[in-house]
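Participant: build me a structure from this.
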Amino acid sequence: MKSNTFKTVVFVFTLTVCMTSTSFAQSQDRQQRTPPTFSEMLEQMDANEDGKLAEDEVKGPLKDEFSTIDTDKDGYISEEEMENAPKPQRRGRK
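Facilitator: A predicted model of the protein is given here:
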């Protein structure tokens, strides 16, 4: 009888620890999903280091929306244009 009780306690404890760590990891992921700053994007994508992002330098959703963000149509996205860019629509949960 004591053996079964001990096994049950160990099982419940292990299950609690696993669920807590999974929950904590998921909350950490949510906190880290902030959009990058313009300077972070420059570090990652500005190949010629001119302080602007050309269409051939950008990738992902930024490339898809390049013509919308480049309001002065000079072929580059400046920091001011990025700050004034329309914010992407949030996707709903599945």
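Participant: below-threshold pLDDT in the protein: ranges please.
Facilitator: Low-confidence segments of the chain, defined by pLDDT under 70, span residues 1-2, 18, 20-32, 88-94.
Participant: quickly list the domain ranges of it.
Facilitator: 1-34, 35-87 (automatic domain parsing).
Participant: pick the most buried one from the ones you listed.
Facilitator: Mean neighbours per residue, mean count of other C-beta atoms under 10 Å, is largest over the domains of the chain for domain 35-87, with a mean of 14. For every residue, glycine as well, the C-beta is placed using N, CA and C.
Participant: how far does it sit from the chain's center?
Facilitator: 17 Å (C-alpha atoms, centre = their mean, to the nearest Å).
Participant: how long is it from one end to the other?
Facilitator: 10 Å (C-alpha to C-alpha, to the nearest Å).
Participant: helices of the protein, start to end?
Facilitator: Remark: helices assigned in the chain by DSSP state H are 2-31, 38-45, 61-64, 66-69, 79-83.
Participant: touching the third one from outside, list them.
Facilitator: Contacts with helix 61-64, where a contact means C-beta atoms under 8 Å, 6 or more residues apart in numbering, come from 41, 53, 55, 69, 77, 88.
Participant: can you pull the contacts of the fourth one?
Facilitator: Applying C-beta under 8 Å, 6+ apart to residue 69 gives the contacts 62, 77, 81, 82, 85, 86.
Participant: out of everything not next to it in sequence, what's closest to the fourth one?
Facilitator: Read that as residue 82. The shortest distance from residue 82 to any non-neighbouring residue, by C-beta to C-beta, 6 or more residues apart in numbering, is to residue 38 (4.9 Å).
Participant: and the last one, by the same measure?
Facilitator: With C-beta to C-beta, 6+ apart as the criterion, residue 86 has its nearest non-adjacent residue at 6.7 Å, and that residue is residue 68.
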